[in-house]
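J.: Dropping the sequence and predicted coords here.
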Amino acid sequence: MKKEISEPQGFGFKSEIDLIKFVDRFTVPPFSVFDTRQGYWQARKNEWIDLGIESDIGRNSNLIGYSKLTLLKGKSGTSVFDPVLCEISYSWFCPPGGKILDPFAGGSVRGIVAAILGYSYTGIDLRQAQIDENEKQWKEIKKKKIANDKPVPKWICGNALDIQKITNKQYDLIFTCPPYGDLEKYSDDPADLSNMPWEDFLEAYFEITKESCSLLKEDRFAVIIVSDFRDRNGFYRKFPLHTINAFETGKCLLYNDGILVTAVGSLPIRTGKFFEPSRKLGKTHQNYLVFYKGDPKNIRNLFKI
């Protein structure tokens, strides 16, 4: 896939050529702020989407609860994972050809990108309908003959609380995006974390995280994309902090802390409605947390440097 570059906005490069060289080396600059609004990021994302990835298929079209006006303007109410974020996370933090574990699989993006890049992917999801849609997309992509020699992504229907029973393999990377409490409702299944009261959700989340970490090989990374969300009184749940604590129970310690800046989209419309009466800021970022299990001195041995 070719890399297209727009103007070097805010990165301190003296010229566009310098930025191009840097992006050629790392795909995107490995800084603590990932700006998905940049031209090179959007161009890369469009190339992935053009392969036929449609992560929102198989999920309710308005999980987040956008207004009907917003949906009519063409904005999906379902969060869709960014394939470029998958690409850089795999290439930066997983050994070549490694095995990736995703305890909260959801849509197809993470599995398809992993497979096309030559990684073995195992994703766990409660909903068989979602898994069927993911597998359908993979078959369509294979028809384009761009993945004939690639490993087949594996989506398994099951409860991530049973992840030790579902898979007893050891993995080279944990990569996932957990459900944000009851912010998005994925199903009516009482075992679905999005249907649980906060205290039960948090207990299950800690257990799933701990069990997933036990399947991670020593001297390996875990990459988690999370965002904070509010309780019914409007106060933040401190979900990124809970995530850090959960991974520490699995002997994975925080190694990198990044910010994913997302497109504004319908945020002005939504913020305009709730800011004046509540003074709540419109959120246009997520947290990119990288954990490491083992001795950091061994990181160099994982990759060709």
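T.: Perfect, thanks for sending it.
J.: Contact partners for T36?
T.: 42, 45, 82, 84-85, 260-263 (C-beta atoms under 8 Å, 6 or more residues apart in numbering). C-betas here are computed from N, CA, C, even on glycine.
J.: hmm, try it at 10 Å
T.: 28, 42, 44-45, 82, 84-85, 260-263, 285-286 (C-beta atoms under 10 Å, 6 or more residues apart in numbering).
J.: Name the spans of the chain whose pLDDT lies under the cut-off.
T.: 1-14, 55-79, 181-190, 304-305 (pLDDT under 70).
J.: max-length strand in it?
T.: strand 216-226 (DSSP state E).
J.: residues of that strand that come out buried?
T.: 216, 219-226 (16 or more other C-beta atoms under 10 Å).
J.: Just put those in CSV and tack on distance to V152.
T.: Listed next are the buried residues of strand 216-226 as CSV, based on distance: C-beta to C-beta, whole Å:
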residue, distance to V152
L216, 22
D219, 27
R220, 22
F221, 23
A222, 23
V223, 22
I224, 25
I225, 24
V226, 28
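J.: Farthest-apart pair in those residues, please.
T.: D219 and V226 (23.6 Å; C-beta to C-beta).
J.: now the helices: where do they sit in this protein?
T.: 16-26, 39-49, 68-72, 83-93, 109-116, 128-143, 163-166, 198-214, 239-249, 267-278 (DSSP state H).
J.: ok, back up a step: ok, of the contacts of T36, which come out buried?
T.: Among the contacts of T36, those classed as buried by 16+ other C-beta under 10 Å are 28, 44-45, 82, 84-85, 260, 262, 285-286.
J.: Quick check: the farthest pair among the residues you listed?
T.: Between any two of the buried ones among the contacts of T36 (C-beta to C-beta), the greatest distance is 19.3 Å, for R44 and H285.
J.: give the contact list for L161.
T.: Counting by C-beta under 10 Å, 6+ apart, L161 has contacts 103, 124, 191, 193, 204-205, 207-208, 211.
J.: actually R37, not the one I typed
T.: 9, 261-264, 284.
J.: mind redoing it with 8 Å?
T.: So R37 contacts 261-263 (C-beta under 8 Å, 6+ apart).
J.: Also G97?
T.: 118-120.
J.: Just the buried subset of those, written out for PyMOL, thanks.
T.: The PyMOL selection below is limited to those of the contacts of G97 classed as buried (16+ other C-beta under 10 Å):
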select buried, resi 119+120
